[in-house]
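**Q** can you look at this prediction? I've put the sequence above it.
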Amino acid sequence: MASKAAVLRLVGLGRSYQEIGATLGIPPGQAYLIGTGIPADGGGTVTRAQRERPGILPSRTQRLVNPREAPPPPAEPVHEWMRSRAHGDQLTRPGR
């Protein structure tokens, strides 16, 4: 079981929450919650006093619980469908 002291010790060593989570065998968002007492999903309001706690990140903690911030690249069938639709669209043809 990861402890607050263990998480904050690793923060003090300059480790990211992704590294801390990997080291302790827990998700990064859980490491943030254990170390700070504040959920990383941004679901609550953070007070001024809470922002001064050790280990608090200034912003963008949502990435700790949902790291995928960009959509995955489309699969080839999607590209093929888009090409066929574009070729079949008479309004986009030159000299219409």
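**A** Cool, got the structure. Remember, it's a predicted structure, so these values are computed and weren't measured experimentally.

**Q** average pLDDT across stretch 17-30?
**A** Averaging pLDDT along stretch 17-30 yields 95.

**Q** got the CA positions of that stretch in PDB?
**A** Extracted as PDB, the C-alpha positions of stretch 17-30 are listed here (Å, rounded to 0.1, in the frame of the first residue of the first chain):
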ATOM      1  CA  TYR A  17       3.300  11.400 -10.800                       C
ATOM      2  CA  GLN A  18       3.500   9.000 -13.800                       C
ATOM      3  CA  GLU A  19       6.900   7.900 -12.500                       C
ATOM      4  CA  ILE A  20       5.600   7.700  -8.900                       C
ATOM      5  CA  GLY A  21       2.600   5.600 -10.000                       C
ATOM      6  CA  ALA A  22       4.900   3.200 -11.900                       C
ATOM      7  CA  THR A  23       7.300   2.900  -9.000                       C
ATOM      8  CA  LEU A  24       4.500   2.200  -6.500                       C
ATOM      9  CA  GLY A  25       2.400   0.100  -8.800                       C
ATOM     10  CA  ILE A  26      -0.600   2.400  -8.800                       C
ATOM     11  CA  PRO A  27      -2.200   4.800 -11.300                       C
ATOM     12  CA  PRO A  28      -0.700   8.300 -11.400                       C
ATOM     13  CA  GLY A  29      -4.100   9.900 -10.400                       C
ATOM     14  CA  GLN A  30      -4.200   7.600  -7.300                       C
END
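
**Q** from the chain's centroid, how far away is it?
**A** Distance, stretch centre to chain centre, for stretch 17-30: 13 Å (Cα atoms, centre = their mean, to the nearest Å).

**Q** and it, which residues are buried?
**A** 17, 20-21, 24, 26-30 (16 or more other Cβ atoms under 10 Å). No exception for glycine: its C-beta is placed from N, CA and C like everyone else's.

**Q** any residues touching it, and which ones?
**A** In this structure, residues lying in contact with stretch 17-30 by Cβ atoms under 8 Å, 6 or more residues apart in numbering are 2, 6-7, 10-11, 15-16, 31-32, 34-35, 39-41, 57, 61, 64-65, 67.
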